[in-house]
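Undergrad: Got a sequence here, can you model it:
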Amino acid sequence: MTSNRWRSPFPLNIAHQGGENELPGNTLYALKEAQKAGVDMFKLDLGVSKDDQLVLFHDPVLDFRTESTGAVNSYTLEELRRFDNAYWFSHAQPGHQHFYSRDKSPENYILRGVATGQQEPPEGYLPADFGICTLAEVLASFPDMPLVLDIKARSEQGLEEEYFASARLLAQELAEAPHGQIIVSSFSQPTVDLLHSLMPDLALAPGPDGIVAFLTAVSATPGDGVAAISAPITWDLNGTVIEVACSQFVDQTHDAGYAWYAWFDDRDPDNPIGWQKLVQLGVDAIVTSSPIALASFLNGLKGDL
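TA: Modelled structure (predicted):
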């Protein structure tokens with residue numbers, strides 16, 4: 001391969017959803033706060049509205065993050081904008097396993113109601129910064145921020161044609177509003193392949209099938225157009241947990257000219273213990289749900305160099 005601009009000699013700090021363990025995920029508020037903290041990139045999840053608008057949302061249903069229920073793609077964009085995307089966000093508490101747990105007292109949901117006008121937004125922000133936003137708004141608001149865009153399933157069934165339809169929408173949107181600093185990933189390898197056929201110059205990260213084929217030497221490459229391997233620390237393969245982020249695979253990927261972007265599954269510690277391991281492995285980027293804390297951690301390491 002030729003020189004890969006997505007490689008980095010020191011791990012990049014990629015804010016997953018803008019940092020959903022520190023800020024309400026996939027909101028403009030989270031992205032702006034993460035940018036202030038000095039993150040290097042955003043990793044964002046793409047959902048689709050009923051009227052085929054690309055929006056930032058991780059799950060196929062609204063229930064986990066908003067006050068509403070049902071599939072994201074059962075609502076138009078106008079309807080989605082009415083919902084509070086910070087409704088269930090809270091700071092972590094002892095005895096509660098998740099930042100979006102529903103069993104806390106109401107005062108812990110510190111940004112609830114900002115999106116809907118029931119609470120004043122923090123200084124410098126608007127209610128819309130706490131709602132569901134579109135990819136177009138992100139591209140316009142962060143023209144110089146590198147992005148990893150992950151195409152998600154539109155339904156809980158995760159039908160292949162749904163992935164394909166989303167890929168075509170994304171290709172159309174990027175053709176109309178070029179950004180220039182984007183990698184696109186998906187759990188669906190056929191979707192990644194389709195995107196390459198639609199936009200041959202677009203940087204890609206392969207799906208699990210492409211990653212496994214490359215790392216096990218079934219294939220000489222992880223796919224056409226691939227710039228980076230985006231993989232978890234560990235993978236559960238039919239009940240057997242495999243350590244994916246290891247020196248063998250990272251070195252193999254680098255030797256072939258690709259970047260390695262590491263992310264955390266629920267099994268893996270997205271904290272200084274996990275970050276230190278990834279720094280020692282020489283990964284090109286760390287995708288974290290706590291980018292403000294990671295920024296402090298990485299800055300400390302740079303100070304020791």
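
Undergrad: Tell me the gap between the helix or strand bottoming out on mean pLDDT in the chain and the middle of its chain.
TA: The helix or strand of the chain with the lowest confidence, counting by mean pLDDT, DSSP states H and E, is strand 234-237 at a mean of 88. Centroid separation for strand 234-237 versus its chain: 19 Å, with C-alpha atoms, centre = their mean, to the nearest Å.

Undergrad: Quick check: neighbours of that strand in the sheet, parallel or antiparallel?
TA: Strand pairing for strand 234-237, using DSSP bridges, gives strand 240-243 (antiparallel).

Undergrad: Residues contacting the partner strand, please?
TA: Applying C-beta atoms under 8 Å, 6 or more residues apart in numbering, the external contacts of strand 240-243 come out as 233-236, 267. (Each C-beta comes from the backbone N, C-alpha and C, glycine too.)

Undergrad: Tell me how many other residues surround R168.
TA: For R168, the count of nearby residues is 15 (other C-beta atoms under 10 Å).

Undergrad: Flag every buried residue along the helix or strand harbouring it.
TA: Taking DSSP states H and E as the definition, one finds R168 inside helix 160-176. Using 16 or more other C-beta atoms under 10 Å as the burial criterion, the residues of helix 160-176 that qualify are 162-167, 169-171, 173-174.

Undergrad: ok, which pair from those residues is furthest apart?
TA: Spatial extent of these (C-beta to C-beta) is set by the pair E162 and L174 at 18.9 Å.

Undergrad: Would you map the helices across the stretch 201-305 of the chain?
TA: Remark: helices assigned in the stretch 201-305 of the chain by DSSP state H, counting those that start in this stretch are 208-215, 247-255, 272-281, 291-304.

Undergrad: what angle do the longest one and helix 272-281 make?
TA: Okay, so that is helix 291-304. 50 degrees (axes from the mean of the first three to the mean of the last three C-alpha atoms, to 10 degrees).

Undergrad: Find the centremost residue of this structure, please.
TA: Centroid check for the chain by C-alpha atoms, centre = their mean gives K43 as the closest residue, at 3.1 Å.

Undergrad: Does it touch N13 like I think?
TA: No: the criterion here is C-beta atoms under 8 Å, and K43 misses it with N13 at 10.7 Å.

Undergrad: got the contact list for stretch 287-301?
TA: 10-11, 13-22, 25, 33-34, 37-39, 43, 148, 230, 261-264, 270-272, 275, 279, 286.

Undergrad: Dump that stretch to PDB, restricted to CA.
TA: Listed next in PDB are the C-alpha coordinates belonging to stretch 287-301 (Å, rounded to 0.1, in the frame of the first residue of the first chain):
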ATOM      1  CA  VAL A 287     -12.200   4.500  20.400                       C
ATOM      2  CA  THR A 288     -13.400   5.400  23.800                       C
ATOM      3  CA  SER A 289     -16.700   6.200  25.600                       C
ATOM      4  CA  SER A 290     -14.700   8.400  28.000                       C
ATOM      5  CA  PRO A 291     -12.700  10.700  25.700                       C
ATOM      6  CA  ILE A 292     -12.200  13.500  28.200                       C
ATOM      7  CA  ALA A 293     -10.600  11.100  30.700                       C
ATOM      8  CA  LEU A 294      -8.600   9.500  27.800                       C
ATOM      9  CA  ALA A 295      -7.300  12.900  26.700                       C
ATOM     10  CA  SER A 296      -5.900  13.500  30.200                       C
ATOM     11  CA  PHE A 297      -4.400  10.000  30.300                       C
ATOM     12  CA  LEU A 298      -2.700  10.500  26.900                       C
ATOM     13  CA  ASN A 299      -1.500  14.000  27.700                       C
ATOM     14  CA  GLY A 300       0.200  12.500  30.800                       C
ATOM     15  CA  LEU A 301       2.000  10.000  28.700                       C
END
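
Undergrad: List the buried residues for it?
TA: 287-295, 297-298.

Undergrad: Make JSON lines out of these and add pLDDT.
TA: Compiled in JSON lines, the buried residues of stretch 287-301 are given as follows (pLDDT from 0 to 100):
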{"residue": "V287", "pLDDT": "98"}
{"residue": "T288", "pLDDT": "97"}
{"residue": "S289", "pLDDT": "94"}
{"residue": "S290", "pLDDT": "95"}
{"residue": "P291", "pLDDT": "96"}
{"residue": "I292", "pLDDT": "96"}
{"residue": "A293", "pLDDT": "95"}
{"residue": "L294", "pLDDT": "97"}
{"residue": "A295", "pLDDT": "97"}
{"residue": "F297", "pLDDT": "96"}
{"residue": "L298", "pLDDT": "96"}
